[in-house]
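Novice: Could you work out the structure for the sequence below:
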Amino acid sequence: MLLKAATVVAVIALVAVGYFLWSHRRAIDEAESAWATIAAAAQQQAGAAVFDPAMVADLPEVAQRYFLHAIAPGTPLRTTVTLRMEGQFLLGDRDSNQPYAMVARQILAPPDAFVWLPVMRSGVLTITGSDGSLDGKAWMQFWINSLVPVVNAQSTPDLVRSAQFRSAMESIWVPAALLPRDGIAWQAGAADKAIVTISTFENPIVLELTLDETGALTEVVGMRWSDANPEKTFRLQPFGGTIEAERAFEGYTIPTMVKVGNLFGTDGFLPFFQAEIVEAKYL
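Specialist: Numbers count the residues shown, from 1 in each chain. The predicted model follows:
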């Protein structure tokens, strides 16, 4: 009887392991399919215009400073990018967190399409999965060692709104996506600050960019719809961080070392996402 019971337990365990491995693989395949959809849409766009400083001549000085620094004259205006990054991801809060070494790749097409595929390691633990937004849907799915699901969030209105903010803020990696047009407006803020309003969503997103005298970004912040707070309640709260280095890729000068997180500017701020962009390719 004991042998039979042990055999049953072993079979159940094997079935469970197989199911979790299959679930992980299916989710990764779905994320890769979303990636391919975003990339295909970029390839189908008509031939890109090129950047002319006259395009931003009517903007406030601080906004002109940003674009003249971020986009070289004659650069094709592409609004989709693939990125490779590495760095550190902190899981937890300011008082208690666990660092994970991170490598990731991402496709980004602001204002609302992206897929982020990280691999995060700490000791024997490896977290993989994806975070993404496409066609009005959003998801977050992550596993430990491809077996234990730790996050499985799918397309709730709260998640979609939060994901829209992420894509909008990460437009700093796709400067052409921030050029003025319907749904994108620029204003001057306090000294060396530009205010960008992205009104293509039901709930407009407002970003504050801080620049140095050359036009390089030093800080970015906005109000994100998030439940990353002690109450675990969705609400608008500051999200942002600092930019510590930049680099030029294909005519675009973009931030390459960022430290960002929830509750920026408060005592609860934890720069959980600390990344260096090591490659950017514009589609």
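Novice: show me the contacts for Ala39.
Specialist: The contact partners of Ala39, by Cβ atoms under 8 Å, 6 or more residues apart in numbering, come to 80, 82, 107, 283. Where you see a C-beta, it was placed from the backbone N, CA and C, and this is true even at glycine.
Novice: which one of those has the most neighbours?
Specialist: Neighbour counts for these, by other Cβ atoms under 10 Å, peak at Ile107, which reaches 24 neighbours.
Novice: my guess is that residue contacts Val115, does it?
Specialist: Yes: the pair Ile107 / Val115 is scored as a contact, 5.3 Å apart, by Cβ atoms under 8 Å.
Novice: So for these two, which residues contact both of them?
Specialist: Common neighbours of Ile107 and Val115 (Cβ under 8 Å, 6+ apart) are 35, 38.
Novice: helix or strand right after the strand or helix carrying Gln237?
Specialist: Gln237 belongs to strand 235-249 when assigned by DSSP states H and E. Sequence-wise, the next helix or strand downstream of strand 235-249 (DSSP H and E) is strand 252-262.
Novice: Would you mind identifying the next helix or strand past that next one?
Specialist: strand 273-282.
Novice: which residues pair with Lys193 across the strands?
Specialist: Thr210 (DSSP bridges).
Novice: Please apply the same query to Gln237.
Specialist: Applying DSSP bridges, one finds that Gln237 bridges with Arg224.
Novice: My guess is it contacts Pro230. True?
Specialist: No: counting by Cβ under 8 Å, Gln237 does not reach Pro230; the two are 11.2 Å apart.
Novice: These two: who's more crowded?
Specialist: Comparing Gln237 with Pro230 by other Cβ under 10 Å, the one with more neighbours is Gln237, at 18 against 8.
Novice: Now do the same contact list for the more buried one.
Specialist: Here Gln237 is in contact with 223-224, 226, 228-229, 262-263 (criterion: Cβ under 8 Å, 6+ apart).
Novice: next one: Gly268
Specialist: Counting by Cβ under 8 Å, 6+ apart, Gly268 touches 93-94, 229-230, 262.
Novice: can you state the direction angle for the strand holding Gln237 and strand 273-282?
Specialist: Put simply, strand 235-249 runs at 50 degrees to strand 273-282, going by axes from the mean of the first three to the mean of the last three Cα atoms, to 10 degrees.
Novice: How far does strand 235-249 sit from its chain's centre?
Specialist: In terms of Cα atoms, centre = their mean, to the nearest Å, the centre of strand 235-249 is set 10 Å apart from its chain centre.
Novice: same deal with stretch 197-210?
Specialist: With Cα atoms, centre = their mean, you get 15 Å for stretch 197-210.
Novice: quick one: the helices in the stretch 1-150 of the chain?
Specialist: With helices called from DSSP state H, counting those that start in this stretch, the stretch 1-150 of the chain shows them at 2-43, 61-70.
Novice: by contact count, what packs against the shortest one?
Specialist: This means helix 61-70. Where contact means 3 or more Cβ pairs under 8 Å, 6 or more residues apart in numbering; DSSP states H and E, helix 61-70 is packed against strand 184-188, strand 193-198, strand 205-211, strand 252-262.
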